[in-house]
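Engineer: Sequence plus predicted model, see below.
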Amino acid sequence: MTKTYDDIRHFEHLTNEWLKTTTLPENKHQTEELRNALRFHEYRYYVLDNPLIADREYDLLYKKLEATEKQHPDWVTPDSPTQRVGSALNAAFLTVQHMVPMLSLENSYNAADLVDWDRKARELAGLEEIEYCIEPKFDGAGISMIYENDMLVRSATRGDGVQGDDITTNSKRIRNIPLNAAFSKYGITSIEIRGEVLMSKKSFEAFNRGLTEEGLPPLANPRNAASGTIRMKDPAEVGKRNLEAILYHVSYFQPANASHAPHSHAAMLQMMWDCGFRSPVNEMKVVKGIAAVIEQCHAYEMKRDELPYEIDGMVIKVNDLHLQESMGMTTHHPRWAIAFKFKARQATSKLLAVEFQVGRTGAITPVAKIDPVFIGGVTVSSISIHNQDFIKEKDLMIGDTVLVERAGDVIPQIVRSQPEQRTGHEKTIHFPKHCPVCESQLYKEPDEAVWRCLNAECEAQVVERIIHFVSKDAMDIRSFGEQHIRRFYQLGLLRDIPGIYKINFAEIGKLEGYGAKSVSNLQQAVEQSKKQPLHRLIFGLGIRHVGETMAKTLARAAQSIFDLERMTEDDLMQLEDVGPKVAASIAGFFANPHNVDMLRQLKQLGLQLTQTQEAKVSGGDFAGKTFLFTGSLQQFKRSQAEELVEKAGGQILGGVSIKLNYLVVGEDAGSKLEKAKKIPSIKILSEEDFLKLLSHDQ
Ligand code: IVH
């Protein structure tokens, strides 16, 4: 029988045994033990986000299992960790029937709705007071899964609620869905469980960044990303997109009199958690009476932006399962549950006009000017509508009513137009044939969606390139804001990137609005930027497909920027993450004599175009060491502290895990510190300790 994962010692022992020996499992039993160790570590990593071994060690065990199964194909089981991968494309999704229909929820929007609902529920139940369980309403794509004899046998989308698409293969690529779950411990042999497939805000932003870099329009919200991904033809692509599942409902189990089956909703959530699923046990609250429900709903609405994933409300459920059963359901929704919907982050507005902006690479971006609307705490009046294909796909016309969404802290998007509201006065959006700034003819690669102005000297491009060069993540020339650059350019005081270092500050001092102090600040900032590390300069050049990470890779590979000029596309492709497209773009940049000339000028003007010794990752004192900062730092900005670590050859991690060496703790540190305390190998440092470490005192 499968074990639940609370017996950490047992799994640690198993892991150590298998890490110690170089031999492979010799029989089916040993192979299953190795699988159990791997399942446990997947659970620690993907469900608890708290791994106990290094990735390298996991890989070692995984390879061992793979080798064993290769030698003994008859030992392979369908729920082996190796069986998540390797399936062919989904030809078509089979339509399957849900065991129990997937109903909707009744909605409520305010306290009065909830009070009213509670009164009806109490009448129906014949009780003075009801115990409720409140949990978030996750904003993703519904999923229903069947486990038989502890094995995942089928996953399906919601579909029309009665029938859905069979997405079993794709669901196996979601790493926090266990292929094997110990429901038999509860006397359950067959069970249908339900939940939501989500893409976290962080993964969604990374995913959209990727789309934008490819010249594709980003998706409006994580929900669309999750529901689109779960029905993709290629399971491997599903695996790459970091989906997660949260389970919140058991719709059916057998035998009905299962010996240890839970009797409350909260206990059901706990059972799923104990069987290795992510369920909202830490987010749920059990309360008596509707006043406490309302309080919890409002408290969560305030916390909404802090959560790692999108929620669009709360769900209130009668906690007692027998009571649920007796209250029953309508054809549309259960009578024992209700959703409390948060204020929408969607609003309708009018598309008033479209402006076409020229970016630093010449890409023409249409920007919709809309009637200003207040959504999720900000007023939105301008929204990028990406490219010609997007306009066509969303069927946008000037004068249209459009639905606008701002998901969390994500950039606003037009979700769709509402053509049914057209009056006949709407106008087609005409994409220009010529650059709106320099009037040269626009060009589009046959397989791209983006029109470009190819005139590198186009004023708009030059100004955007300067703005990018001085920006925070590039040369970080403070007090050199966008408005200043535009003004200096208009006045002929600044025409190109080298011009930043030739600027006539005496002339600037004569301009209205520039006092002696601001001119001296500007001069100082320009001067200081000459010493910025090479990777910032490379990023600042704005070479297509060279983001911050790529710029660091290139800086590490080169002693001087001119080394990059000498590298062929083949040389470049030897570097980490450099594919043909990136290599061609870099080589293309250096093949242009104007660009090389610009670099020579920068060198003459005193910029540091070589890799400084302390920036060499291999040489620094922190080489090979990983750091994370938490809490509010008093002595430096977090970005400065991180830069210090990177300069000394260290690496910044995204979260607390066994891979972390040092956690530097500022004031009011929270969960990261708690988590780190549980991993003995992590050293916890105060800001003072960190400074000492930097200055070699330790
Ligand atoms: S319970 C029979 N709990 O919201 C009751 N649903 O608008 C089954 N949803 O179709 C639903 N979070 O896809 C439930 N904590 C939660 C939920 C949740 C999100 C979704 C679910 C449902 C839709 C109804």
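Structural biologist: That came through, no problem.
Engineer: from here on, contacts and neighbour counts on C-alpha atoms
Structural biologist: Fine.
Engineer: For the stretch 251-400 of the chain, just list every one of the strands.
Structural biologist: 285-288, 311-318, 337-341, 346-358, 364-375, 378-384 (DSSP state E, counting those that start in this stretch).
Engineer: Would you mind giving these as a markdown table with mean pLDDT added?
Structural biologist: Output for the strands of the stretch 251-400 of the chain, formatted as a markdown table (pLDDT from 0 to 100):
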| stretch | mean pLDDT |
| --- | --- |
| strand 285-288 | 98 |
| strand 311-318 | 96 |
| strand 337-341 | 96 |
| strand 346-358 | 95 |
| strand 364-375 | 94 |
| strand 378-384 | 92 |
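Engineer: Out of the ones you listed, which gets nearest to residue 671?
Structural biologist: Closest of the strands of the stretch 251-400 of the chain to residue 671 is strand 285-288, at 19.4 Å (criterion: CA to CA).
Engineer: How far does that closest one sit from its chain's centre?
Structural biologist: 32 Å (CA atoms, centre = their mean, to the nearest Å).
Engineer: so residue 243 sits right up against residue 198, yeah?
Structural biologist: Yes. Counting by CA atoms under 8 Å, residue 243 touches residue 198, with 5.7 Å between them.
Engineer: mind checking which of the strands of the stretch 251-400 of the chain is nearest residue 561?
Structural biologist: strand 346-358 (27.8 Å).
Engineer: ok, the residue nearest the centre of the chain - contacts?
Structural biologist: With distances taken as CA atoms, centre = their mean, residue 203 lies nearest the centre of the chain, 1.7 Å away. When contacts are counted by CA atoms under 8 Å, 6 or more residues apart in numbering, residue 203 touches 241-242.
Engineer: Might you enumerate the residues of the stretch 51-200 of the chain proximal to the ligand?
Structural biologist: When proximity is defined by CA under 6 Å from any ligand atom, the stretch 51-200 of the chain lies next to the ligand at 103-105, 135-139, 142.
Engineer: Tabulate those residues (JSON lines), appending neighbour count, secondary structure and pLDDT.
Structural biologist: Below are these laid out as JSON lines (neighbours: other CA atoms under 10 Å; DSSP: H, G, I helix; E, B strand; the rest coil; pLDDT from 0 to 100):
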{"residue": "103", "neighbour count": "16", "secondary structure": "coil", "pLDDT": "91"}
{"residue": "104", "neighbour count": "14", "secondary structure": "coil", "pLDDT": "91"}
{"residue": "105", "neighbour count": "17", "secondary structure": "coil", "pLDDT": "94"}
{"residue": "135", "neighbour count": "25", "secondary structure": "strand", "pLDDT": "98"}
{"residue": "136", "neighbour count": "23", "secondary structure": "strand", "pLDDT": "97"}
{"residue": "137", "neighbour count": "19", "secondary structure": "strand", "pLDDT": "97"}
{"residue": "138", "neighbour count": "24", "secondary structure": "strand", "pLDDT": "97"}
{"residue": "139", "neighbour count": "20", "secondary structure": "coil", "pLDDT": "93"}
{"residue": "142", "neighbour count": "22", "secondary structure": "strand", "pLDDT": "97"}
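Engineer: and residue 608, which of the strands of the stretch 251-400 of the chain is closest to it?
Structural biologist: strand 346-358 (30.1 Å).
Engineer: Buried residues of that closest one, list them for me.
Structural biologist: 346, 348-354, 356-358 (16 or more other CA atoms under 10 Å).
Engineer: So what sits opposite whichever residue of the chain sits closest to the ligand in the bridge?
Structural biologist: Residue of the chain nearest the ligand, by CA to the nearest ligand atom: residue 137 (3.4 Å). Beta bridges link residue 137 to residue 313 when assigned by DSSP bridges.
Engineer: My read is that it contacts residue 309, right?
Structural biologist: No. Between residue 137 and residue 309 there is no contact under CA under 8 Å: 10.8 Å.
Engineer: Which of residue 243 and residue 198 has more residues huddled nearby?
Structural biologist: More crowded of residue 243 and residue 198, by other CA atoms under 10 Å: residue 198, with 29 against 23.
Engineer: could you check the distance from the more buried one over to residue 282?
Structural biologist: 17 Å (CA to CA, to the nearest Å).
Engineer: And the strand or helix carrying the residue nearest to the centre of the chain, what's buried?
Structural biologist: For residue 203, the enclosing helix or strand under DSSP states H and E is helix 201-213. If you call a residue buried by 16+ other CA under 10 Å, then helix 201-213 has these buried ones: 201, 203-205, 207-208.
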